[in-house]
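S.K.: Quick check, what structure comes out for this input:
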Amino acid sequence: MSMSFRGARPKLVLLALDSADCALARRWANAGYLPTLARLFEKGISLPIATPPGVLEGAVWPTLLTSQSVGNHGLFAYRQVIPGSYDLEIAMTADRITQPPFWFFLGQAGARVTVIDAPFARPLRNLRGLQVTNWGAHDPWCWPTSSWPRRLVGDLCARFGEHPVGMCDQKERTLAEYRDLRERLLRGARTKARLLRYCLDLEDWDFFFGVFSESHCVGHQFWHFFDASHPRYDPGAGADLNAAIRDVYREIDRGLGLLIQALPDAAHVLILFSHGMGPYYHGSHLLDHILQRLGMDEPTPQRAGGARAQYEISSGRSLVWSLSRLAPRAVRDRIKARLPHELVGRFWRWTHPEPHPWSRARAFQVPSSNMTGAIRINVKGREPAGKVEPGAEYDELCRELAEALMELQNPATGRKAVQWVARARDLYDGPMLHRLPDLFVEWDHSAPITALSSARIGTVEGVFPGSRTGSHWPHALLLAAGPEFASGEIAAKMRTVDIAPTVLDFFGAPAPRSYEGVSVLPLLASRPKANHPAEVFHPPS
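M.R.: Modelled structure (predicted):
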């Protein structure tokens, strides 16, 4: 049900802090560093958000935009297995989201919208309003910088330039390079605030959605400067680096203040902490070794020149090779002599592929966010060289793996290394379930994992080679302020899928039948008397 408003049509502003940790924001707001957020926490109402379990990093924004879980939209990692193969593809591109974002339905209901840098959202043609994609989002590779109307992004770049930070990741930065990145992030947050302020005045919008991305990058790259318990913490690095995360949050807070001051008195504001940030501690880099110790690999099969293994050369590639052999030997030799050696080698490998290592395994690790490990079972009828029968054999293998993984300990702490293991089908449902890993492994994130041990597997050791020191945690929060919103804190959790229907409900716009979420507007409008009816995921015991 929508709110009852007096007078003119209401205005709603949703300002998102991508991957900003709400616990840190509360701490620094209480300490006086974030005065805008401090006032909002005091005057507004806050509601924690249960983010998508197992697939947090890749699925949170597609889930938010479409109010559909990963079982329906199928996006959870930068690289994912191509169905029916063992090959990987880049999956996190904006055109993979087949359902329109929620502001499309606002436009259909007659509202005018302005959307700036919503992650993984392509500009909608003929939108009732304005949209800019990837002027300054954290993952610019997901879609080219563009806009609707098309000329808008050119105007913004001419006025504000390009965002000072392109790609966030870089291996082995020096302290000078970290200082340079810090300055560019601060400049990026200031420029984003000015750009959003400019866009506020471009037209008379009903719904305005702007995203600050700088909190995302600074959390990945600077956690070890902030966290004194981190193995890479350097107390002599300098106060500017030690306070880099706080300083970027403070710059974003100034931007929030600039934007909120420009709003009419009757406007309502939502502040979204999309998901949190914490130390990048996990054991995914050891998961392959664990699976080997558990006997998930089989001996290497015969090469493709003898009896064919299950993973055969495709008929199309075989035909290309056969046709190339029709030319006389002397002609082939002359052509090979003129071509780069690497190109000749690539052609041979393409026409004579070796069996993929995964093809001879009962179970194998697939890419994920690393904070949560991901295992795919080599199922007959689903994988090209399946080893495991669906049904009882599959269920038993999942049970066996979960039991073995839950036995793992971190020798450095003496504590359990795995919080929970869950099957994807127990967490999600939908037509894209076959794209997901079969098992998710949620590591203990309280301390670094450089070894794993148990009576069953012995001990495996290894240091994670990545350059990031902070990564995604499930701390998410919605903070609401405005004439029709209550104040205080709500203990019950909403879900990421509930955000879109809540915005639609604010304007009285019907939610599509495909939506999995429900509106939490009644909770924001008054003190709740009961828990939110939506189910919240609880890890298996």
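S.K.: and the helix or strand encompassing residue 399, what does it pack onto?
M.R.: Secondary structure assignment for residue 399, by DSSP states H and E: helix 392-406. Packing partners of helix 392-406 (3 or more CB pairs under 8 Å, 6 or more residues apart in numbering; DSSP states H and E): strand 372-377, strand 418-423, strand 439-443. C-beta here means a position set from N, CA and C on the backbone, and glycine is covered the same way.
S.K.: Mean pLDDT, mean neighbour count and distance to residue 26 for the ones you listed - can I get that in JSON lines?
M.R.: What follows is these, written out as JSON lines (pLDDT from 0 to 100; neighbours: other CB atoms under 10 Å; distance: least, CB to CB, whole Å):
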{"stretch": "strand 372-377", "mean pLDDT": "98", "mean neighbour count": "25", "distance to residue 26": "25"}
{"stretch": "strand 418-423", "mean pLDDT": "98", "mean neighbour count": "19", "distance to residue 26": "24"}
{"stretch": "strand 439-443", "mean pLDDT": "98", "mean neighbour count": "24", "distance to residue 26": "24"}
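S.K.: what's the closest of these to residue 175?
M.R.: Closest approach to residue 175 among the helices and strands packed on helix 392-406 is made by strand 439-443 (29.6 Å; CB to CB).
S.K.: contacting residues around that closest one?
M.R.: For strand 439-443, the surrounding residues in contact (CB atoms under 8 Å, 6 or more residues apart in numbering) are 53-55, 281-284, 287, 368, 371-375, 377, 398, 401-402, 405, 417-424, 427, 449, 539.
S.K.: What's the first helix or strand after it?
M.R.: Following strand 439-443 in sequence order, the next helix or strand is strand 451-454 (DSSP H and E).
S.K.: Give the next helix or strand downstream of that following strand.
M.R.: Downstream of strand 451-454, the next assigned helix or strand under DSSP H and E is strand 458-461.
S.K.: Can you get me the centre-to-centre distance for that next one and its chain?
M.R.: With CA atoms, centre = their mean, to the nearest Å as the basis, strand 458-461 stands 30 Å off its chain's centre.
S.K.: Please name the nearest non-neighbouring residue to residue 288.
M.R.: The shortest distance from residue 288 to any non-neighbouring residue, by CB to CB, 6 or more residues apart in numbering, is to residue 365 (5.3 Å).
S.K.: scratch that, residue 457 is what I was asking about
M.R.: The nearest residue in space to residue 457 (CB to CB, 6+ apart) is residue 293, at 3.9 Å.
S.K.: so that neighbour touches residue 459, yeah?
M.R.: No - here residue 293 lies out of contact with residue 459, judged by CB atoms under 8 Å, at a distance of 9.5 Å.
S.K.: Between these two, which is the more surrounded one?
M.R.: Neighbour comparison, residue 293 and residue 459: the larger count goes to residue 293, with 18 against 12 (by other CB atoms under 10 Å).
S.K.: Okay, the more buried one and residue 86: tell me how far apart.
M.R.: Shown here: residue 293 relative to residue 86, a distance of 22 Å by CB to CB, to the nearest Å.
S.K.: what's in contact with the helix holding residue 399?
M.R.: 290, 294, 362-363, 375, 377, 379, 388, 416, 418, 420-421, 423, 438-439, 441, 454, 456-457.
S.K.: quick check: longest helix of the protein.
M.R.: When the chain is parsed with DSSP state H, its longest helix is helix 175-200.
S.K.: Report the mean per-residue pLDDT for it.
M.R.: Helix 175-200 comes out with an average pLDDT of 98.
S.K.: re the thing from before, give me phi/psi at the residue nearest to residue 457?
M.R.: Main-chain dihedrals, residue 293, degrees, to the nearest 10: phi -60, psi -30.
S.K.: can you give me the helices for the stretch 151-300 of the chain?
M.R.: Applying DSSP state H, counting those that start in this stretch to the stretch 151-300 of the chain gives helices spanning 175-200, 214-226, 239-242, 244-261, 287-293.
S.K.: tell me what the first one is packed against?
M.R.: Going back to what we said before, that points to helix 175-200. For helix 175-200, the packing partners by 3+ CB pairs under 8 Å, 6+ apart are strand 113-116, helix 150-160, strand 207-212, helix 214-226, helix 239-242, helix 244-261.
S.K.: Buried residues of the last one, list them for me.
M.R.: Buried positions in helix 244-261, judged by neighbour count with 16 or more other CB atoms under 10 Å: 244-253, 255-260.
S.K.: how big is the angle separating it from strand 207-212?
M.R.: Per axes from the mean of the first three to the mean of the last three CA atoms, to 10 degrees, the angle that helix 244-261 makes with strand 207-212 is 160 degrees.
S.K.: and helix 244-261, what does it pack onto?
M.R.: strand 12-17, helix 22-30, helix 35-43, helix 175-200, strand 207-212, helix 214-226.
S.K.: Kindly recompute the last result at 7 Å.
M.R.: Helix 244-261 makes packing contacts with strand 12-17, helix 22-30, helix 35-43, helix 175-200, helix 214-226 when contacts are defined by 3 or more CB pairs under 7 Å, 6 or more residues apart in numbering; DSSP states H and E.
S.K.: Any chance of a markdown table for the ones you listed, columns mean neighbour count?
M.R.: Converted to a markdown table, those look like this (neighbours: other CB atoms under 10 Å):
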| stretch | mean neighbour count |
| --- | --- |
| strand 12-17 | 23 |
| helix 22-30 | 19 |
| helix 35-43 | 18 |
| helix 175-200 | 18 |
| helix 214-226 | 25 |
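S.K.: which residues does residue 19 contact?
M.R.: Contacts for residue 19 (CB atoms under 7 Å, 6 or more residues apart in numbering) come out as 215, 216, 219, 274, 275, 277, 472.
S.K.: now do residue 63
M.R.: Contacts of residue 63 (CB under 7 Å, 6+ apart): 52, 69, 70, 496, 497.
S.K.: I'd like to know which of those is nearest to residue 104.
M.R.: Nearest to residue 104 out of the contacts of residue 63 is residue 497 (CB to CB; 16.5 Å).
S.K.: And the pLDDT at the closest one?
M.R.: At residue 497, the pLDDT value in this model is 98.
S.K.: ok, now how distant is it from residue 93?
M.R.: Using CB to CB, residue 497 is found at 21 Å from residue 93.
S.K.: between the two, who's got more neighbours?
M.R.: residue 497 (22 against 16).
S.K.: For residue 66, see how far away that one is.
M.R.: As judged by CB to CB, residue 497 and residue 66 stand 8 Å apart.
S.K.: same deal with residue 213?
M.R.: For residue 213 relative to residue 66 (CB to CB), the value is 20 Å.
S.K.: cool, residue 147 as well?
M.R.: Taking CB to CB, one finds residue 147 at 21 Å from residue 66.
S.K.: May I see the helices of the stretch 151-300 of the chain arranged in JSON lines, with distance to residue 491 as well?
M.R.: As requested, the helices of the stretch 151-300 of the chain are exported to JSON lines (distance: least, CB to CB, whole Å):
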{"stretch": "helix 175-200", "distance to residue 491": "31"}
{"stretch": "helix 214-226", "distance to residue 491": "25"}
{"stretch": "helix 239-242", "distance to residue 491": "33"}
{"stretch": "helix 244-261", "distance to residue 491": "25"}
{"stretch": "helix 287-293", "distance to residue 491": "35"}
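S.K.: list the contacts for residue 97?
M.R.: Applying CB under 7 Å, 6+ apart to residue 97 gives the contacts 62, 65, 66, 73, 75, 120.
S.K.: Alpha carbons of stretch 164-172, as PDB, please.
M.R.: Provided in PDB are the C-alpha atoms of stretch 164-172 (Å, rounded to 0.1, in the frame of the first residue of the first chain):
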ATOM      1  CA  PRO A 164      39.500  10.400 -11.500                       C
ATOM      2  CA  VAL A 165      39.500   6.600 -10.700                       C
ATOM      3  CA  GLY A 166      39.200   4.200 -13.600                       C
ATOM      4  CA  MET A 167      40.000   0.600 -12.600                       C
ATOM      5  CA  CYS A 168      40.400   0.300  -8.800                       C
ATOM      6  CA  ASP A 169      42.700  -2.800  -8.700                       C
ATOM      7  CA  GLN A 170      46.400  -2.700  -9.100                       C
ATOM      8  CA  LYS A 171      49.000  -5.200  -7.900                       C
ATOM      9  CA  GLU A 172      51.900  -4.200  -5.600                       C
END
